[in-house]
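> A structural model of the following input is requested.
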Amino acid sequence: MRKFIPDFLTLLVLAGLLGCGNADQHAQAEVDTTSNEKPASNSDMISQRITPCLWVETKDAKAVADYYLSIFKDGKLKEHHQYKNPPEAGGGDFETAVIEINGVEFSILAAGPFFKFNESVSFVINCKDQAEVDYYWGALTANGGQESSCGWCKDKYGLSWQVVPVEYFDLINSDDPKVRDKAMTNTLNQKKIILSELK
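Below is the predicted model:
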């Protein structure tokens, strides 16, 4: 347990630095060389004030980035770095990445199995129609993902998503109590949201 504490603190500090776009200043960071693009400056990297940081149980941040970018087709990899903890921090390798999907930046910290995701944090995908719901639901629950209920599911890393058609919110917030009640009641009987069954 004592050895874990300095490792953990080092990772937390580096996780905090991820969102600051200061990876250039880390002497032991290795920039991903698979891209022909010129590395962005710090000011280019900070495109949003708050960036979700996802600590995944693997140590391969590039694989995690590739997984999410295979699902969210309009996304891109913005950074990928490999790190070695110094001996005084207990050693060990870990990786980080920054991806952008649907205009939102996510930092990925691939530092091993210290923490697990749970449903207290989830991301809502506002889908334009049932076809989009079907696509994201299928993609996220495949290859080790998991269906839950009421439009909730987990991807293969255990991250929770709410896959919801935007029309759903009109139904559950309708001025007509019959429309609201039917939508709410039928939602409780569903895993994936089937919009036609809620109307």
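> any weak-confidence spans in the chain?
Applying pLDDT under 70 to the chain flags residues 1-47, 89, 91.
> What segments of it are helices?
4-18, 42-45, 61-71, 130-141, 166-172, 177-187 (DSSP state H).
> what's the fifth one packed up against?
Just to be clear, that refers to helix 166-172. Helix 166-172 sits against helix 177-187, with contacts defined as 3 or more CB pairs under 8 Å, 6 or more residues apart in numbering; DSSP states H and E. Where you see a C-beta, it was placed from the backbone N, CA and C, and this is true even at glycine.
> name the helices or strands packed onto the helix it packs on?
helix 166-172.
> Report the buried residues of the helix it packs on.
Using 16 or more other CB atoms under 10 Å as the test for burial, helix 166-172 gives 167-168, 171.
> residues in contact with it?
126-129, 151, 179-180, 182-184, 187, 193, 195, 198-199 (CB atoms under 8 Å, 6 or more residues apart in numbering).
> wait, what's in contact with Leu188?
Counting by CB under 8 Å, 6+ apart, Leu188 touches 149-150.
> and the closest residue in space to Asn118 that isn't next to it in sequence, how many neighbours?
Leaving aside its sequence neighbours, Asn118 sits nearest to Ser160 (CB to CB, 6 or more residues apart in numbering; 7.5 Å). Ser160: 18 surrounding residues under other CB atoms under 10 Å.
> list the contacts for Ser160?
Per CB under 8 Å, 6+ apart, neighbours of Ser160: 117-119, 121-123, 148, 152-154.
> Okay, and the beta partners of it?
Counting by DSSP bridges, Ser160 forms beta bridges with Ser122, Lys154.
> thought Ser196 was touching Val133?
No: in this structure Ser196 lies outside contact range of Val133 using CB atoms under 8 Å: 11.2 Å.
> Please identify which of these two sits among more neighbours.
Val133 (21 against 6).
> if we can go back for a sec, now the buried members of the contacts of helix 166-172.
Those of those that meet the buried threshold are 127, 151, 179, 182-183, 187, 193, 195, 198, by 16+ other CB under 10 Å.
> Just name the closest of these to Gly90, please.
Nearest to Gly90, judged by CB to CB, of these is Gly151 at 41.4 Å.
> How is this structure divided into domains?
Using automatic domain parsing, the domains assigned to the chain come out as 4-110, 122-197.
> Quote the end-to-end distance of the shortest one.
Its first and final residues considered, domain 122-197 spans 24 Å by CA to CA, to the nearest Å.
> any chance of the buried ones among the contacts of helix 166-172 in CSV, plus distance to Ile50?
Rendered in CSV, the data for the buried ones among the contacts of helix 166-172 read as follows (distance: CB to CB, whole Å):
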residue, distance to Ile50
Cys127, 23
Gly151, 24
Val179, 35
Lys182, 37
Ala183, 31
Thr187, 29
Ile193, 27
Leu195, 31
Leu198, 32
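> Count the neighbours of Cys153 for me.
Applying other CB under 10 Å, we find 22 other residues in the vicinity of Cys153.
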